[in-house]
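In: following is a predicted model, sequence given first.
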Amino acid sequence: MGTNQDLKPIPNGLKFVFGGSAGMMGTCVVQPLDLLKNRMQMSGEGSKTREHKSSIHILTSVVKNEGFFKLYNGLSAGLLRQATYTTTRLGIYTYLLELTTIDKKPPSFALKALMGMFAGICGAFVGTPSEVALIRMTSDGRLPPEQRRNYRNVFDALIRIYREEGIATWFKGAVPTMGRAMVVNAAQLATYSQAKQQLLALDFHDGIFLHFMASMISGLATTIASMPVDIVKTRIQNAKSGGGKASLNFVSVMGGIIKDEGVLALWKGFWPYYFRLGPHTVLTFIFLEQLNSAYRRMSK
């Protein structure tokens, strides 16, 4: 790679577009893991028996009973989530980073972490409607046929949710969604930076493999920290409005999970969540670099 002076600067608007596009490309690869994670988190709801024994059990069950391509159910919602959440988070963070960089001196790590948390909260709020659609679409197959929503795509889901349950349902679970984003951004920033530093000290070459290893280490810490918030968010967003469901809140849902399913149920879907988080970060980084390189080649 050349020096920063050798590289043609990319316009800020394109940075946001490339960031969202890279996230969408990564989602195309890891979408089945999102489905497995959501199915695991919904397993056992309203019952003291577990629907699924493991992620492998869900995988084989979905392929056998619903077909292989059902693993990509909710892909349109996953793509819209990246287009809204990732683009907003990247845009706000980049703007704040430029605002706090004085005389080419970047802000402190602590300030970067705070800016990342704030950007994550804003992005999560904007991305909540697509998140609600994603949760419902990936969880639909576990319901009896007569209870399934059968959304055709994310836009059909959002329109029907608006007509059948009201626009407020688009933002159901917004608070835990923003809470998860805050935890994820804080954990990722701290652990990824530290892991990369330690691996470099062990003579790792600064390349894709190093980024992959640092992402997986960071993903482990982030998964452990954020999963309890994530499962509560999933349960709230999957619930139908009306019939007493509208009164669901973070404390009551978490208390119900612990009471009926045990404390460890807060980490249901751990492995799909973990193996989605790390690789998605790496894939997003790779795709982003390729988009940046393609732009520079075409603009010469």
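Out: Received, thanks. Numbering: from 1, shown residues only.

In: C-alpha from now on. contacts and neighbour counts both.
Out: Fine.

In: go ahead and confirm residue 183 touches residue 226.
Out: Yes. Using CA atoms under 8 Å, residue 183 is in contact with residue 226, at 6.0 Å.

In: which residues of the stretch 101-250 of the chain score low on pLDDT?
Out: Along the stretch 101-250 of the chain, the model assigns pLDDT under 70 to residues 189, 241-247.

In: go with 90
Out: Low-confidence segments of the stretch 101-250 of the chain, defined by pLDDT under 90: 101-117, 119-120, 138-149, 173-177, 179-198, 200-201, 203-250.

In: so which residues of it form helices?
Out: Along the stretch 101-250 of the chain, counting by DSSP state H, counting those that start in this stretch, helices occupy 109-139, 154-165, 174-201, 208-238, 250-261.

In: tell me which of these sits most buried.
Out: With neighbours defined as mean count of other CA atoms under 10 Å, the helices of the stretch 101-250 of the chain peak in mean count at helix 109-139, which reaches a mean of 24.

In: quick one: that one to helix 174-201, angle?
Out: 120 degrees (axes from the mean of the first three to the mean of the last three CA atoms, to 10 degrees).

In: check which helices and strands helix 109-139 is in contact with.
Out: Applying 3 or more CA pairs under 8 Å, 6 or more residues apart in numbering; DSSP states H and E, one finds that helix 109-139 contacts helix 12-42, helix 75-81, helix 87-100, helix 154-165, helix 174-201, helix 208-238.

In: and residue 277, which of the ones you listed is closest to it?
Out: In terms of CA to CA, the element of the helices and strands packed on helix 109-139 nearest to residue 277 is helix 208-238, at 5.7 Å.

In: how far does the closest one sit from the chain's center?
Out: 8 Å (CA atoms, centre = their mean, to the nearest Å).

In: then stretch 280-300?
Out: Taking CA atoms, centre = their mean, one finds stretch 280-300 lying 21 Å from the centre of the chain it belongs to.

In: what's stretch 187-207 in contact with?
Out: By CA atoms under 8 Å, 6 or more residues apart in numbering, the surrounding residues in contact with stretch 187-207 are 113, 116, 210-211, 214-215, 217-219, 221-222, 225.

In: roughly how far does the residue nearest to residue 78 when sequence neighbours are not counted sit from residue 154?
Out: Nearest residue to residue 78 in three dimensions, chain neighbours excluded: residue 134, at 6.1 Å (CA to CA, 6 or more residues apart in numbering). Residue 134 sits 8 Å away from residue 154, going by CA to CA, to the nearest Å.

In: with residue 228 instead?
Out: Counting by CA to CA, the gap from residue 228 to residue 154 is 26 Å.

In: ok, residue 10 - contacts?
Out: Residue 10 makes contact with 292, 295 under the criterion CA under 8 Å, 6+ apart.

In: helix/strand/coil for it?
Out: Recorded secondary structure, residue 10: coil (DSSP: H, G, I helix; E, B strand; the rest coil).

In: quick one: the helices and strands packed on helix 109-139 as JSON lines, columns for distance to residue 300 too.
Out: Putting the helices and strands packed on helix 109-139 into JSON lines (distance: least, CA to CA, whole Å) gives the following:
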{"stretch": "helix 12-42", "distance to residue 300": "16"}
{"stretch": "helix 75-81", "distance to residue 300": "31"}
{"stretch": "helix 87-100", "distance to residue 300": "25"}
{"stretch": "helix 154-165", "distance to residue 300": "38"}
{"stretch": "helix 174-201", "distance to residue 300": "33"}
{"stretch": "helix 208-238", "distance to residue 300": "26"}
